[in-house]
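Trainee: build the 3D model from these lines:
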Amino acid sequence: MKDLIERLEAAESGSRELDANIALSMGGSVKLVPGPNGAQWPHYTTSIDAALTLVPEGWRWQVSGFEASGEACVDSLALDLERYGAAATPALALVIAALRAMEAENRERAEKCLTT
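Mentor: Predicted coordinates:
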């Protein structure tokens, strides 16, 4: 996941290649969307709506954008965690923050399993 996040941070814009990499990193949990050539990955890196599907359930989100950049924050009150993303576009920033949130949530679950 770290390599993917680094590629997203370095990207100048979203791309279908990055979208596919994100979908593949999610394993089998990606819901394909209809497209002109059949089912395809969501446009995570170019659509805020698609990027929002990556934000873990129960997490709040905030996105801001400027001329050539974007910033995003997702947070969980239940876990008392915040994760940030900054990138060339708001959608890319939201994807980065969401992927970091997923990692944090998975880490929290793993730690709880180890302590119970």
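Trainee: residues contacting the one residue sitting closest to the centre of the chain?
Mentor: Nearest to the mean C-alpha position of the chain, by C-alpha atoms, centre = their mean, lies V95 at 2.7 Å. Shown in contact with V95 (C-beta atoms under 8 Å, 6 or more residues apart in numbering): L8, I22, Y44, T45, A51, L54, G85, A87. C-beta: built from backbone N, CA, C; applies to glycine.
Trainee: ok, for it, nearest residue in space, not its chain neighbours?
Mentor: Closest residue in space to V95, ignoring its immediate chain neighbours: A51 at 4.9 Å, by C-beta to C-beta, 6 or more residues apart in numbering.
Trainee: what's the host helix or strand of the one you found in contact with?
Mentor: Following DSSP states H and E, one finds A51 within helix 48-52. Helix 48-52 has contacts (C-beta under 8 Å, 6+ apart) with V33, P42, H43, Y44, T45, W61, V63, P90, A91, L94, V95, A98.
Trainee: now do that helix, average pLDDT.
Mentor: For helix 48-52, the mean pLDDT works out to 96.
Trainee: does the closest residue to D75 other than its chain neighbours belong to a helix, a strand or coil?
Mentor: In this structure, D75 finds its nearest non-sequential neighbour in E82, 4.2 Å apart by C-beta to C-beta, 6+ apart. Of the three states, E82 takes strand under DSSP: H, G, I helix; E, B strand; the rest coil.
Trainee: which residues are in contact with E82?
Mentor: Applying C-beta under 8 Å, 6+ apart, we find E82 in contact with C73, V74, D75, S76.
Trainee: in strands, which of the residues you listed fall?
Mentor: C73, V74, D75, S76 (DSSP state E).
Trainee: dump the residue contacts of the first one.
Mentor: Put plainly, it is C73. C73 makes contact with W61, Q62, E82, R83, Y84, G85, A97, according to C-beta under 8 Å, 6+ apart.
Trainee: run through the bridge partners of it.
Mentor: Beta-bridge partners for C73, by DSSP bridges, are Q62, Y84.
Trainee: go through the contacts of V95 and say which is closest to G38.
Mentor: Lowest distance from G38 to these (C-beta to C-beta) belongs to Y44, with 18.2 Å.
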